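Visitor: how does the following fold in three dimensions:
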Amino acid sequence: MHLQTTTDRAAHAWRGAMALAARYAVAGRTLEGAHDTTLYVTGAPAAALNAVVSTATEPDVAEVERLVAAQDWTGTPWSIVVRGTPGDELAAVARRHGLVHGHRMDFQLIDLSAPADVPPAPPGLVVRTVDGTEATQYAELVAAGFGTTPEVFTPVATAAALDSPQVTVHVAEERGGPCGTAKTVVVDGCAVLVNVATLPTHRGRGVGRAVTVAALQHAASAGARVACLHPSPEGAALYASLGAVTAESWTFLRSR
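Guide: Sure thing, here's the model as predicted:
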């Protein structure tokens, strides 16, 4: 794949997926700005889920500041998200709003036209999709996988979100009990992979791999040509084994 063109398209898809999450959130809000800049607010108590994001290779600082000013952030953890390293002007805007911590994350791509060889799912493990009727159970599962409370995910794990034709949630089950999950959001032919989580009691047994493979295969069958993700350190080896390559790094500027 042509890396730069694909990276640009995937970056814009990630921004679109976050805006989609905000549109389906109970008290969500989005505001599209100029030059690939978007405000998205989900109301979730997580800075990455409330942000002004620019996916331009050279962010429009004035547009970022305009969108920041368009939202009352009182009581809401939030961030400014940019590709690469923020320049001095943008860093100054962030500091004026108390966003003094920069968290770097790799942005990875997986070519879905050339799937990696993967071992079969563990015996007894079943992977299936879920819809909006199981939104509450999904929020509880992904929260348990990340070691946090369901309130972090409830604002974005709505029935409307899970029933969106762009969104697919896979859940892995063993002996009828959920033990892992992965979510994809397909935007413009790119599958944005998020919320890959396995219960602590089931880690190291191939659950994360099985549910991630199912999610990527489903996205490919739906027409996605590439997947993109921000890997956690714990998941990096898994994604590398599935063909993920680091295209660039992003910066999340936040207050803490």
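Visitor: for the record, mean pLDDT for the lengthiest helix in the chain?
Guide: In the chain, with assignment by DSSP state H, the single longest helix is helix 3-24. Here helix 3-24 scores 94 as its mean pLDDT.
Visitor: pull out the buried positions in it.
Guide: 6-22, 24 (16 or more other Cβ atoms under 10 Å). For the C-beta atoms, the positions are set from N, CA and C on the backbone; glycine is no exception.
Visitor: per-residue confidence for residue 87?
Guide: Residue-level pLDDT assigned to residue 87 equals 96.
Visitor: do the one 4 residues further on as well
Guide: At residue 91, the predicted lDDT confidence score is 97.
Visitor: state the helix or strand in which the most centrally placed residue in the chain lies.
Guide: Centroid check for the chain by Cα atoms, centre = their mean gives residue 194 as the closest residue, at 3.8 Å. Using DSSP states H and E, residue 194 sits within strand 190-198.
Visitor: contact partners of the next helix or strand after that strand?
Guide: Downstream of strand 190-198, the first helix or strand assigned by DSSP H and E is helix 207-221. Helix 207-221 has contacts (Cβ atoms under 8 Å, 6 or more residues apart in numbering) with 110, 112-113, 115, 118-119, 121-122, 125, 127, 129, 168, 170-172, 174, 179-184, 186, 191, 193, 196-199, 227, 235, 238-239, 241-242.
Visitor: and the residues you listed, which are buried?
Guide: Buried residues within the contacts of helix 207-221, counting neighbours by 16+ other Cβ under 10 Å: 110, 112, 118, 121, 125, 127, 168, 170-172, 174, 179-184, 186, 191, 193, 196-199, 227, 235, 238-239, 242.
Visitor: just to revisit the earlier point, contacting residues for the residue nearest to the centre of the chain?
Guide: 17, 183-185, 229.
Visitor: just put those in CSV and tack on distance to residue 56.
Guide: Below are these laid out as CSV (distance: Cβ to Cβ, whole Å):
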residue, distance to residue 56
17, 17
183, 26
184, 24
185, 21
229, 20
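Visitor: quick one, the longest helix of the chain and strand 190-198 angle?
Guide: 70 degrees (axes from the mean of the first three to the mean of the last three Cα atoms, to 10 degrees).
Visitor: pull up the pairing partners for the helix or strand following helix 3-24, direction included.
Guide: Toward the C-terminus, helix 3-24 is succeeded by strand 29-32 as the next helix or strand (DSSP H and E). Here strand 29-32 is paired, per DSSP bridges, with strand 37-41 (antiparallel).
Visitor: alpha carbons of the partner strand, in CSV - could you do that?
Guide: Output of strand 37-41 as CSV, limited to C-alpha atoms (Å, rounded to 0.1, in the frame of the first residue of the first chain):
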residue,chain,number,x,y,z
THR,A,37,-10.1,19.9,12.4
THR,A,38,-13.0,18.5,14.5
LEU,A,39,-14.4,19.0,18.0
TYR,A,40,-15.9,15.9,19.5
VAL,A,41,-17.4,15.6,23.0
